[in-house]
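J.: sequence first, predicted model second:
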Amino acid sequence: MKQFILTIAGGGSTYTPGIVKSLLMNKDRFKLKELRLYDIDGERQEKVALIAAKVIEEYDKEVKLITTTDPEEAFKEADFIFSQMRVGKYKMREQDEKIPLKYGVVGQETCGPGGLAYGMRTIFPMIELIDLVEKYASKDHWIVNYSNPASIVAEGIRRLRPKARVLNICDMPVGVMRNMAAILKVDRNSLVVDYFGLNHFGWFTRVMVDGVDRLPELRSHGEKHGLLVEDMSKVDAQHSDPSWIKNYKNIKYMLSFFPDYIPNPYLQYYLLGDKVVSEMDKNRTRANEVMEGREKKLFDAVEEYKATGRVDLSSFYVGVHGQFIVDVAISLAYNLRKRFLVIVENKGAISNFPSDAMVEVPAYITSDGPEVVRIGEIPTFYRGMMEQQLASEKLMVDACLEGSYNKALMALTMNKTVPSAFTAKKLLDDFILANKGYWPELK
Ligand code: NAD
Ligand code: G6P
Ligand code: MN
């Protein structure tokens with residue numbers, strides 16, 4: 001069996017230990033020779049690497065671990081690169097969430113103004129990463145990219161590096177499918193879904209289990225409880241914080257208005273904006289919850305390890321997040337043609353939607369990349385919403401590449417979460433100040 005060299009870019013991420021564990025638990029299907037962690041913050045990464053080393057000791061001692069901030073050492077002859085960088089880290093996520101809330105607008109890291117701001121920070125670092133990988137990695141490498149905001153990052157890559165061997169993915173649909181499977185009491189892997197949308201902006205149109213569409217049952221459950229079962233934490237630690245429980249509950253309102261399809265929970269920021277904002281705390285957002293929760297738990301475990309030599313392997317989780325990226329990589333590596341939802345250029349898959357849009361749809365994952373499933377036409381309501389969001393995101397990418405203040409203002413004004421051009425301008429001016437050193441200069 002071939003043994004792979006795999007690099008995690010953003011090695012200092014809170015998700016690294018879980019992804020490493022997921023990789024090693026799959027060693028019989030996907031054997032690693034070397035695991036490399038690469039980050040621009042060496043200090044943070046060294047800490048996370050202590051836990052990763054323990055995971056290796058526990059699950060597959062044969063794997064060689066390299067931790068580096070040097071791109072050549074990181075990517076030389078690498079077969080796979082998992083990218084999960086957070087440009088500006090949680091400090092900037094906090095800004096993305098809190099600046100909009102100052103003006104009564106949705107404060108979210110990937111949706112609305114926060115997502116646009118995060119996108120503007122991430123496009124160029126992502127292109128830089130692709131160039132480094134292309135310089136050093138194996139010719140037929142694959143970059144599997146989780147770095148958010150995935151829609152905008154994917155659009156930036158489409159424009160600047162259209163031939164790059166990047167597959168952009170998101171774990172939200174698999175998170176929803178995990179919950180659907182728990183509600184239906186079936187195995188998550190037995191679900192075959194139809195879905196269309198943009199990233200963090202899409203709908204399930206069919207949920208097949210053994211040849212039967214179970215969407216009607218999920219709709220009845222969802223109209224009452226959202227997409228939750230009683231004790232979600234028993235299903236998976238990922239998405240079990242109170243704010244995530246609320247996200248899955250809010251599906252019930254969306255379904256009560258628009259029962260045809262099951263919405264991605266992120267649509268609440270566009271469809272239930274006033275409710276969501278009224279329930280957000282402008283002084284304590286999800287970034288704070290994550291810093292005090294997932295991040296603290298992991299780094300406390302690092303300190304405990306340094307002090308006692310013992311590692312608490314429950315200080316992190318694999319979750320659908322860790323499982324999904326490994327499943328996708330295995331399908332790429334062995335041409336398994338497994339069906340997953342991925343982010344790809346539309347090229348007619350949704351026939352009444354722009355060909356050059358990056359959309360999230362089912363595809364069969366081969367060693368040459370995704371073979372996209374054709375969706376056909378989508379109804380006006382969904383198409384209209386998607387077109388508005390697509391225009392907003394495309395304008396933000398224009399703004400980034402052209403250094404255009406006016407395009408950025410249009411992007412914010414276009415977004416459904418923003419009530420007027422007055423508010424859009426205030427947001428933009430605040431974001432420019434907060435993102436000094438991260439954003440390109442806008443003129
Ligand atoms: P984190 O802050 O814990 O980790 C991110 C790491 O990226 C940090 O160690 C940081 O130093 C590093 N980094 C920043 N800029 C970099 C660069 N230019 N090159 C290399 N490394 C760089 O963040 P996290 O919460 O663990 O999330 C990591 C990323 O994964 C984020 O982009 C997040 O949005 C994304 N994510 C995406 C999905 C999805 O569905 N697509 C799901 C979960 C997380
Ligand atoms: C989901 C989304 C990701 C996002 C994450 C945030 O999993 O698919 O794109 O990064 O949620 O979760 P967090 O726990 O950091 O708020
Ligand atoms: Mn996502």
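T.: Sure thing, it's come through. Ligands and ions are numbered 1, 2, ... in the order given.
J.: which one is the residue of the stretch 1-150 of the chain found nearest ligand 3 nearest to, not counting chain neighbours?
T.: Here the stretch 1-150 of the chain gets closest to ligand 3 at one residue, Ala150, 5.7 Å apart by CB to the ion. C-beta here means a position set from N, CA and C on the backbone, and glycine is covered the same way. Of all residues not flanking Ala150 in the chain, Asn199 sits nearest, at 4.4 Å (CB to CB, 6 or more residues apart in numbering).
J.: contact partners for that neighbour?
T.: Thr110, Pro149, Ala150, Ser151, Ala154, Asn168, Cys170, Ile343, Met358, Glu360 (CB atoms under 8 Å, 6 or more residues apart in numbering).
J.: number of nearby residues for the fourth one?
T.: Under the neighbour criterion other CB atoms under 10 Å, Ser151 is assigned a count of 31.
J.: what's the answer for the fifth one, then?
T.: By the measure other CB under 10 Å, the count of residues near Ala154 is 30.
J.: can you confirm it is in a strand?
T.: No - applying DSSP: H, G, I helix; E, B strand; the rest coil, one finds Ala154 to be helix, outside a strand.
J.: which residue ranges of the chain form strands?
T.: Ranges of strands in the chain, per DSSP state E, are 3-9, 31-38, 64-68, 80-83, 142-145, 166-168, 191-198, 201-209, 212-213, 262-263, 338-345, 358-366, 369-372.
J.: next, format the ones you listed as JSON lines and append mean neighbour count, mean pLDDT and distance to ligand 3.
T.: Shown next, in JSON lines, are these (neighbours: other CB atoms under 10 Å; pLDDT from 0 to 100; distance: least, CB to the ion, whole Å):
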{"stretch": "strand 3-9", "mean neighbour count": "23", "mean pLDDT": "99", "distance to ligand 3": "17"}
{"stretch": "strand 31-38", "mean neighbour count": "22", "mean pLDDT": "98", "distance to ligand 3": "21"}
{"stretch": "strand 64-68", "mean neighbour count": "17", "mean pLDDT": "98", "distance to ligand 3": "26"}
{"stretch": "strand 80-83", "mean neighbour count": "26", "mean pLDDT": "99", "distance to ligand 3": "13"}
{"stretch": "strand 142-145", "mean neighbour count": "25", "mean pLDDT": "98", "distance to ligand 3": "11"}
{"stretch": "strand 166-168", "mean neighbour count": "24", "mean pLDDT": "98", "distance to ligand 3": "10"}
{"stretch": "strand 191-198", "mean neighbour count": "22", "mean pLDDT": "98", "distance to ligand 3": "11"}
{"stretch": "strand 201-209", "mean neighbour count": "20", "mean pLDDT": "98", "distance to ligand 3": "11"}
{"stretch": "strand 212-213", "mean neighbour count": "12", "mean pLDDT": "98", "distance to ligand 3": "25"}
{"stretch": "strand 262-263", "mean neighbour count": "26", "mean pLDDT": "98", "distance to ligand 3": "14"}
{"stretch": "strand 338-345", "mean neighbour count": "21", "mean pLDDT": "98", "distance to ligand 3": "9"}
{"stretch": "strand 358-366", "mean neighbour count": "22", "mean pLDDT": "98", "distance to ligand 3": "9"}
{"stretch": "strand 369-372", "mean neighbour count": "18", "mean pLDDT": "98", "distance to ligand 3": "17"}
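J.: good, wrapping up.
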